[in-house]
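*Asks:* Model the structure of this input:
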Amino acid sequence: MNSRFFKGQNVIWRRRKTLDGVVFTTREKFDLNGKIVTKSGNRAAEGYQPVKLLLSLVSTLSHRQDAAEAAWALLNTIENGIMSALTDIDQVLSTKLIAEITLSTLKGFDIDAYITYGRYHPKLVSKEELLKALD
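*Replies:* Presented below is the predicted three-dimensional model:
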């Protein structure tokens, strides 16, 4: 009956109608599950697992009382950023890209979480950048 694309969420909202006239709404989102993730060094590639990123976010946000809720919302934001960054549906996802988008998202959301997460990714964010973020 009706469809709308929500650009910031990478979601398509659809209003549908069954043959017997029942109207319902669906939301369709590209699923990153099953996307191959390459890792740095000699570590083996594996499928994308959002739960790993979610647990990392909860840990990074542990100083907040709303850590679980904030991590869930950030996971969606980060996955939207990943979708926007992928230029080809068959493009392989890297842990570096996931970390870069996570750092960028955290920097705009919670500077303490950005610093905590950044400490675990010294190849992506320098000590000087982390110190500057403290100011």
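
*Asks:* From here on, just use CA atoms for contacts and neighbour counts.
*Replies:* OK.

*Asks:* pLDDT-wise, which helix or strand of the protein ranks last?
*Replies:* One helix or strand of the chain scores below all others by mean pLDDT, DSSP states H and E: strand 2-6, with a mean of 71.

*Asks:* ok, then the element right after that strand?
*Replies:* Per DSSP states H and E, strand 2-6 leads on to strand 11-17 as the next helix or strand towards the C-terminus.

*Asks:* The helix or strand just after that next one packs against which elements?
*Replies:* Once the chain leaves strand 11-17, the next helix or strand it forms, by DSSP H and E, is strand 23-29. When contacts are defined as 3 or more CA pairs under 8 Å, 6 or more residues apart in numbering; DSSP states H and E, strand 23-29 sits against strand 11-17.

*Asks:* Can you point out the buried residues in the strand it packs on?
*Replies:* Under the neighbour-count criterion of 16 or more other CA atoms under 10 Å, strand 11-17 has Val11, Trp13, Arg14 buried.

*Asks:* pretty sure the last one contacts Ser3?
*Replies:* Yes: Arg14 lies in contact with Ser3 (CA atoms under 8 Å); the separation is 4.3 Å.
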